[in-house]
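Q: model the structure of this input:
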Amino acid sequence: MLASPPHPDEPITAVCAATYYADLIPAFAFVFRVNSTGTRFTVYATEQHRWLINSTYTLTISEHNSKPDRVPLWLSTDEAAFLRHCLGLLGQRWQDAITEAEAGAQHPATGEQASPGHVNVEPTPAGYQAIAGRFRNELHRVQDLVRRLDQLQPTTTPDTGTDTATDADADDS
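A: Sure thing, here's the model as predicted:
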């Protein structure tokens, strides 16, 4: 029995204690020791230097088997902030495209005939509305990704130190 059990919300870490070549299968075995629980487990990999002896690793739980269409993602704070920044720029571009398509829907069709050898490809107002709807679906997809990212790891902007989780909520339209 452990002297003091780990706190349930505490991240679980494991130290790579040993490595050896597994004879029965063509792989390298890595033995990890979980200090907080006093347990050990072995992981097999094809790369000899996949994990380093005496290095500490954080264990995560993923619902990979029950959700094969999901990919677990581990990001540093800087990587999460950069991803959120990129998603913010993408969301703004989708918003601009929606605004442009909705403006196009407000213009009456010009009815201009294309000059010989050319095709008139301007959408009708209904076509512009359909385009705006598709762009809006993509914007919602980006906003969902931002919300998911913010739930996993709230980020702060480096220059102001303010929480950016509220930025995605302000962009909802």
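Q: from now on I want contacts and neighbour counts done on CA atoms only, so please keep to that.
A: Fine.
Q: and for the longest strand seen in the chain, what are the contacting residues?
A: Using DSSP state E to assign secondary structure, the strand with the most residues in the chain is strand 13-22. Contacts with strand 13-22, where a contact means Cα atoms under 8 Å, 6 or more residues apart in numbering, come from 27-36, 51-59.
Q: quick check on these: which are buried?
A: Buried residues within the contacts of strand 13-22, counting neighbours by 16 or more other Cα atoms under 10 Å: 27-34, 36, 51, 56.
Q: need the worst-confidence member of those.
A: pLDDT across the buried ones among the contacts of strand 13-22 is lowest for residue 36, at 80.
Q: confirm that residue sits in a helix?
A: No - Residue 36: not assigned to a helix; according to DSSP: H, G, I helix; E, B strand; the rest coil it is coil.
Q: report the longest helix in the protein, please.
A: Looking across the chain with DSSP state H, the single longest helix is helix 77-106.
Q: after that one, which helix or strand is next?
A: helix 125-152 (DSSP states H and E).
Q: as JSON lines, the buried ones among the contacts of strand 13-22 with secondary structure and distance to residue 142 would be great.
A: Formatted as JSON lines, these follow (DSSP: H, G, I helix; E, B strand; the rest coil; distance: Cα to Cα, whole Å):
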{"residue": "27", "secondary structure": "strand", "distance to residue 142": "40"}
{"residue": "28", "secondary structure": "strand", "distance to residue 142": "40"}
{"residue": "29", "secondary structure": "strand", "distance to residue 142": "40"}
{"residue": "30", "secondary structure": "strand", "distance to residue 142": "38"}
{"residue": "31", "secondary structure": "strand", "distance to residue 142": "40"}
{"residue": "32", "secondary structure": "strand", "distance to residue 142": "38"}
{"residue": "33", "secondary structure": "strand", "distance to residue 142": "39"}
{"residue": "34", "secondary structure": "strand", "distance to residue 142": "37"}
{"residue": "36", "secondary structure": "coil", "distance to residue 142": "38"}
{"residue": "51", "secondary structure": "coil", "distance to residue 142": "34"}
{"residue": "56", "secondary structure": "strand", "distance to residue 142": "34"}
